[in-house]
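Asker: compute the structure for the input listed below.
(chains A, B, C and D)
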Number of protein chains: 4
Amino acid sequence: MGDGVPDVAELQRRLGRFAAARGWGQYHLPKNLVAALSVEASELLEIFQWLTPEQAAAVMSDPERAPRVEDEVADVLAYLLQFCSALGVDPLAALAAKIERNELRFPVGGTPPLDA
Amino acid sequence: MGDGVPDVAELQRRLGRFAAARGWGQYHLPKNLVAALSVEASELLEIFQWLTPEQAAAVMSDPERAPRVEDEVADVLAYLLQFCSALGVDPLAALAAKIERNELRFPVGGTPPLDA
Amino acid sequence: MGDGVPDVAELQRRLGRFAAARGWGQYHLPKNLVAALSVEASELLEIFQWLTPEQAAAVMSDPERAPRVEDEVADVLAYLLQFCSALGVDPLAALAAKIERNELRFPVGGTPPLDA
Amino acid sequence: MGDGVPDVAELQRRLGRFAAARGWGQYHLPKNLVAALSVEASELLEIFQWLTPEQAAAVMSDPERAPRVEDEVADVLAYLLQFCSALGVDPLAALAAKIERNELRFPVGGTPPLDA
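Answerer: Have a look, this model is predicted:
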């Protein structure tokens, strides 16, 4: 990409090379990776658990918490992509398909489901 | 992209339009979105919780579970992207930076940390 | 107990008999039980994820959500107790010991850690 | 109790006094406590995420991991009890009622649901 940020496919390749070079592939079983994904999502949640909604919305102005948020976002995405690589799931295609299904399932003007 | 799968930025725009059209933005506070992200990651984990490692590795050959995996992957990515949109975090840049830090932190040939 | 509510040890025995009678013991490995515990904790969180702090505090006045909260509390406790049974951990003794350590670690009048 | 281990009601009182003495009650809103509960359950899961089922079953023989397991069990129980205190839920009664419902829902000899 023009600004030097790699796309999802490139990040998946880098993650695969990183793990392979260190012999971590033996641990990267799908069941382990999905556990790690949920653990990392909870570590991101942990940053917010005692904050008010207002403090949470301003978290990127907090010089101590902002880099932790970015770090945990990276971990969540890393395990999501490694999980998808291990199982041959295309996360972008999965999300595109889901949005299309949700367009039909939750028509504009319908009642809010709050669990989409 | 050439095969018709949108990239992350395009998915973030679609998710933003989807929520805005339904008036869901009021619920999409960062603290709520990170809770939803962790809930969705657990729903993905739930599919695997009673499986052996071998059954888990073969999950995409299971016609009942495979679409559930794709559906939950989509949900995890959806909330991760909406969380990042709400806070102005670039998830791809965050992961690229993290991989670079980890290259230094875990040199090839070092001892396995199992928590990278 | 006098009011007819069983204590933790009695609940552990009932859970053990329930699983054994159904042949579920083969699935109740510690790694599976801890995954199930975290999944159930997330299902409890899911009830609250879109609520304001005020709505969350009043959840037991909501005739639709109150029984769901009790049901998920039961599931969290069930998997915590089954996990402890499987590994021989005494959860009440573990918590009593932790409170004693925390009395020393966080003296009254100290600064709030927010992660105790 | 005879062996000096307090029961659930006594632990709830101790947790209440501990938080009150430190002025932490302001943070202990139900929505925050349920987030903390799910975070602690994930911290317990984290100990197991890269272990094989066999390694996981032997975790209490590991002098490094065994005290971490007890520590995280204590944290999960602490937040579960504080959450229940905040909302007036009786966790033991909730679990006793759930076991009775499950006796009817999953008769002995029925097919395994794997999500009880």
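Asker: contacts only, for the residue nearest to residue A:103 when sequence neighbours are not counted.
Answerer: The spatially closest residue to residue A:103, leaving aside those adjacent along the chain, is residue B:18, at 7.2 Å (C-beta to C-beta, 6 or more residues apart in numbering or on different chains). C-beta here means a position set from N, CA and C on the backbone, and glycine is covered the same way. Contact analysis of residue B:18 by C-beta atoms under 8 Å, 6 or more residues apart in numbering or on different chains lists A:99, A:102-103.
Asker: please apply the same query to residue A:98.
Answerer: Contacts of residue A:98 were listed using C-beta under 8 Å, 6+ apart, and they are B:71, B:74-75, B:78.
Asker: report the longest helix in chain A, please.
Answerer: Longest helix in chain A by number of residues (criterion: DSSP state H): helix A:65-87.
Asker: C-alpha coordinates for that one, PDB please?
Answerer: C-alpha atoms of helix A:65-87 as PDB (Å, rounded to 0.1, in the frame of the first residue of the first chain):
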ATOM      1  CA  ARG A  65      -2.900   3.800  28.100                       C
ATOM      2  CA  ALA A  66      -2.800   4.700  24.400                       C
ATOM      3  CA  PRO A  67       0.200   2.500  23.500                       C
ATOM      4  CA  ARG A  68      -1.200  -0.400  25.600                       C
ATOM      5  CA  VAL A  69      -4.400  -0.100  23.500                       C
ATOM      6  CA  GLU A  70      -2.500  -0.300  20.300                       C
ATOM      7  CA  ASP A  71      -0.400  -3.100  21.600                       C
ATOM      8  CA  GLU A  72      -3.400  -5.200  22.500                       C
ATOM      9  CA  VAL A  73      -5.200  -4.400  19.300                       C
ATOM     10  CA  ALA A  74      -2.100  -5.800  17.500                       C
ATOM     11  CA  ASP A  75      -2.200  -9.000  19.600                       C
ATOM     12  CA  VAL A  76      -5.900  -9.500  18.900                       C
ATOM     13  CA  LEU A  77      -5.400  -9.100  15.200                       C
ATOM     14  CA  ALA A  78      -2.300 -11.300  15.200                       C
ATOM     15  CA  TYR A  79      -4.100 -14.200  16.800                       C
ATOM     16  CA  LEU A  80      -7.200 -13.700  14.600                       C
ATOM     17  CA  LEU A  81      -5.000 -13.800  11.500                       C
ATOM     18  CA  GLN A  82      -2.900 -16.800  12.600                       C
ATOM     19  CA  PHE A  83      -6.100 -18.700  13.500                       C
ATOM     20  CA  CYS A  84      -7.500 -17.900  10.100                       C
ATOM     21  CA  SER A  85      -4.300 -19.000   8.400                       C
ATOM     22  CA  ALA A  86      -4.300 -22.300  10.300                       C
ATOM     23  CA  LEU A  87      -7.900 -23.100   9.300                       C
END
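Asker: tilt between that helix and helix B:65-87?
Answerer: Interaxial angle of helix A:65-87 relative to helix B:65-87 (axes from the mean of the first three to the mean of the last three C-alpha atoms, to 10 degrees): 160 degrees.
Asker: contact partners for the closest residue to chain D within chain A?
Answerer: Chain A approaches chain D most closely through residue A:42 (3.5 Å), counting by C-beta to the nearest C-beta. Residues in contact with residue A:42 (C-beta under 8 Å, 6+ apart) are B:38, B:41, C:38, D:38-39, D:41-43.
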